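Student: Predicted model, plus sequence, below.
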Amino acid sequence: MKNLNDKINGCADTAKGVKASGPCVIAIFGITGDLARKKILPALYNLFKTGLLNPRTRIVGIGRRKHSNIEYNEYIRSAASERAGAEDQSAADFIAMNDYCCADFNLPYEYAGIRDFLKKTAVKYKICDFLYYLSTPPADFERIIELIRDSGLSKPDFLDVSCAGAFVRVVIEKPYGYDIDSARSLNRKVLSIFSEDQIYRIDHYLGKETVQNIMIFRFINGIFEPVWNQKYIDNVQIRVFESEGIGGRANYFDRSGIIRDIIQNHCLQMLSMIAMEPPASMDADSVRNEKLKVLQSIRPFDASTPASSLAAGQYAAGEIGGTTVPAYIDESNIDKSSETETFAAIKLFIDNWRWAGVPFYLTAAKRMPERLTEVIVTFKPAPHLIFNNFCHVSEQVSNKLVIRVQPDEGISLKIFCKKPGFEMGLQTVSMNFNYSSSFDGAVLPEAYERLILDALNGDATLFMRSDEIEAAWGYITPILNCLKNREVKVKKYAAGSLGPDLCGFFGLNIC
Ligand code: BG6
């Protein structure tokens with residue numbers, strides 16, 4: 001039936017061929033950290049299992065702790081099994097691609113050893129290309145980059161063999177900077193050593209299938225583009241809700257807060273995909289130029305009336321899924337007087353022709369009733385309602401397009417229809433596309449798999465360019481200052497609720 005429908009509807013199943021990586025030495029700084037164990041190693045293993053990671057790849061983990069070979073192999077095996085069963089031959093082959101270099105990457109004198117290790121690995125396996133992956137605390141980024149330069153590792157010349165056309169690339173994790181000044185300083189440092197096309201700044205949301213689908217959805221389905229503007233759209237909401245609290249990341253999160261953690265990067269990146277103009281092509285710079293223009297067109301935060309566009313909250317004790325969870329200030333390693341925000345809602349405008357006057361609401365929060373990331377585009381109601389006399393039509397007769405980023409990935413369009421029966425009753429119904437049912441339960445690739453493969457293949461489309469990062473921090477920093485100066489109160493909300501009582505806040509019911 002599917003084939004027949006496809007023929008009738010003229011559907012096309014097309015896919016750009018996926019390119020496997022070439023042989024490369026991937027040096028992971030901070031190999032025993034949470035991110036490497038939970039995301040990077042499982043992603044590399046799955047790329048290997050699916051044939052997309054070149055079997056001649058060498059993965060060199062760099063970390064301070066001493067490990068015997070047996071311990072390290074066991075570490076790699078258990079990390080790999082986070083994503084897929086790691087008991088078979090492919091797990092053994094993957095483990096054999098890994099080596100451990102024990103060194104404190106913050107100490108200059110350790111770099112002679114690191115250099116030696118990388119050189120021996122490259123020469124032994126006849127590899128000239130290097131990818132340095134900084135999966136360390138962000139405070140270490142600048143120093144590591146400097147030490148990479150000082151030890152000669154930033155150019156493949158350190159191999160002392162002819163390596164024409166070889167690359168050295170660097171992947172830098174988030175958070176990239178802490179505010180506009182630190183982001184600029186990090187950019188200056190990194191760009192003084194590497195050129196922009198060698199730098200891959202990660203925002204893993206850009207690697208999510210559903211976030212990439214925003215571009216496909218907008219720029220292939222010609223029916224949406226004509227209504228994708230201020231004439232037809234009333235408002236746009238972007239929500240990133242998590243039921244989790246801060247886990248074991250108290251030190252990081254308490255200094256960061258949800259605005260730095262989620263809104264500055266994930267929300268603003270999704271916003272730029274929703275609001276950008278069609279790029280001239282899908283190459284990295286065309287796409288990033290258009291995203292940049294959106295970020296640069298955001299109206300600066302009005303610090304004179306902060307409460308009209310910013311709300312902040314912090315979770316108190318509550319219940320999620322039948323389990324009692326503690327207040328933020330009772331989490332281990334959090335100071336009782338902490339005012340760090342775990343909920344934020346921001347209203348902003350994009351001052352350009354397409355979006356003039358359309359409010360965008362960005363909301364991110366921890367300890368919500370459930371995990372949910374979605375974009376809700378609310379359209380303006382029909383200009384004149386002829387059904388008022390029949391069926392109590394309220395002013396909220398607006399179509400909504402909901403792009404569900406996670407979980408239950410998909411897109412739905414809410415429309416109104418006549419209720420069956422003799423009365424002229426109205427009901428909202430949904431036209432749904434759901435990844436899992438449309439693609440026979442297909443498992444979506446993990447964001448990190450896509451991004452690591454792209455970095456290995458030199459495709460920076462889904463990575464943030466230096467100017468995008470600075471534009472995002474440029475908008476966010478005054479908001480952070482306003483919170484720091486306590487110009488907006490951080491209100492308590494019960495864990496498991498939908499945040500502080502904001503019904504009607506910003507002129508929109510976001511409850
Ligand atoms: C990270 C944040 O960038 O994204 C975390 O630091 C957050 O606090 C995580 O939990 C959410 O990612 P995902 O892919 O689970 O939505």
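Tutor: Structure received.

Student: where are the low-confidence patches of the stretch 351-500 of the chain?
Tutor: 388-396 (pLDDT under 70).

Student: if I pick the most centrally placed residue in the chain, what's in contact with it?
Tutor: Nearest to the mean C-alpha position of the chain, by CA atoms, centre = their mean, lies Y205 at 2.1 Å. Neighbouring residues of Y205 by CB atoms under 8 Å, 6 or more residues apart in numbering: 211, 265-266, 269-270, 405, 447. All C-beta atoms are positioned from the backbone trio N, CA, C, and that covers glycine.

Student: try I258
Tutor: I258 makes contacts with 341-344, 364-366, as judged by CB under 8 Å, 6+ apart.

Student: and the spatially closest residue to E446 that is not a sequence neighbour, what does it touch?
Tutor: Using CB to CB, 6 or more residues apart in numbering and skipping the chain neighbours, the partner closest in space to E446 is A43 (5.6 Å). If a contact means CB under 8 Å, 6+ apart, then A43 has 83, 446, 448-449, 452 as its contacts.

Student: tell me which of the contacts of I258 is nearest to T378?
Tutor: A364 (19.1 Å; CB to CB).

Student: Can you name the residues of this structure that neighbour the ligand?
Tutor: Within reach of the ligand by CB under 6 Å from any ligand atom, the chain has these residues: 174, 242, 261.

Student: that older thread, any idea of the pLDDT on the residue nearest to E446?
Tutor: You'll see A43 listed with a pLDDT of 95.

Student: can you confirm it is in a strand?
Tutor: No - counting by DSSP: H, G, I helix; E, B strand; the rest coil, one finds A43 to be helix, located in no strand.

Student: Now do it against the ligand, distance only.
Tutor: 12 Å (CB to the nearest ligand atom, to the nearest Å).

Student: Next: K419.
Tutor: K419 is 37 Å from the ligand, where distance means CB to the nearest ligand atom.

Student: quick one: that residue and V429 touch, right?
Tutor: No - assessed by CB atoms under 8 Å, K419 is found out of contact with V429, at 9.8 Å.

Student: For the closest residue to the residue nearest to the centre of the chain other than its chain neighbours, grab phi and psi.
Tutor: Distance criterion CB to CB, 6+ apart; nearest residue to Y205, sequence neighbours excluded, is H266 at 4.2 Å. The phi/psi pair for H266 (degrees, to the nearest 10) reads phi -60, psi -50.

Student: For H266, list the residues it contacts.
Tutor: 203, 205, 240, 364.

Student: In JSON lines: those, plus secondary structure.
Tutor: Formatted as JSON lines, the contacts of H266 follow (three-state DSSP):
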{"residue": "D203", "secondary structure": "coil"}
{"residue": "Y205", "secondary structure": "helix"}
{"residue": "V240", "secondary structure": "strand"}
{"residue": "A364", "secondary structure": "strand"}
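
Student: Run through the residues that contact F379.
Tutor: F379 makes contacts with 227, 232-234, 398-401, as judged by CB under 8 Å, 6+ apart.

Student: mind redoing it with 6 Å?
Tutor: 232-233, 398-399 (CB atoms under 6 Å, 6 or more residues apart in numbering).

Student: Would you double-check that G165 falls in a strand?
Tutor: No - going by three-state DSSP, the assignment for G165 is coil, not a strand.

Student: gap between it and M368?
Tutor: 49 Å (CB to CB, to the nearest Å).

Student: And these two? Which one has more around it.
Tutor: Neighbours per residue (other CB atoms under 10 Å) separate G165 from M368, with M368 holding more: 25 against 7.

Student: and the gap between that one and the ligand?
Tutor: 12 Å.

Student: neighbours around the residue nearest to that residue when sequence neighbours are not counted, how many?
Tutor: In space, and not counting its chain neighbours, M368 is closest to F241: 3.9 Å by CB to CB, 6+ apart. The tally of other residues near F241 (other CB under 10 Å) stands at 20.

Student: Pretty sure F241 sits against A364.
Tutor: No - contact criterion CB atoms under 6 Å: F241 and A364 do not qualify, at 7.6 Å.

Student: The most far-flung residue of the chain relative to its centre: which element?
Tutor: The outermost residue of the chain relative to its centre, with distances by CA atoms, centre = their mean, is F422 at 49.2 Å. Using DSSP states H and E, F422 sits in no helix or strand.

Student: Give me the distance between it and I415.
Tutor: 22 Å.

Student: And for G474?
Tutor: G474 is 39 Å from I415, by CB to CB.

Student: the more surrounded of the two?
Tutor: Just comparing G474 and I415: by other CB under 10 Å the higher neighbour count belongs to G474, 18 against 12.

Student: Return the set of buried residues in the helix or strand that contains the more buried one.
Tutor: G474 is part of helix 466-484 when elements are defined by DSSP H and E. Residues of helix 466-484 classed as buried: 466-480, 482-483 (neighbour count, 16 or more other CB atoms under 10 Å).

Student: what secondary structure does the residue lying closest to I193 once chain neighbours are set aside sit in?
Tutor: In this structure, I193 finds its nearest non-sequential neighbour in R149, 4.6 Å apart by CB to CB, 6+ apart. At R149 the chain is in helix, as set by three-state DSSP.

Student: top of the residues of the chain next to the ligand by neighbour count?
Tutor: Using other CB under 10 Å as the neighbour test, those are led by D261, with 23 neighbours.

Student: gap between S243 and the ligand?
Tutor: 10 Å.

Student: Check I329 too.
Tutor: Distance of I329 to the ligand, given as CB to the nearest ligand atom: 18 Å.

Student: Tell me how many other residues surround that residue.
Tutor: By the criterion of other CB under 10 Å, I329 has 18 neighbours.

Student: mind listing the strands for the stretch 251-400 of the chain?
Tutor: 310-316, 318-320, 323-325, 343-349, 359-365, 372-379, 400-406 (DSSP state E, counting those that start in this stretch).

Student: Many thanks, have a good one.
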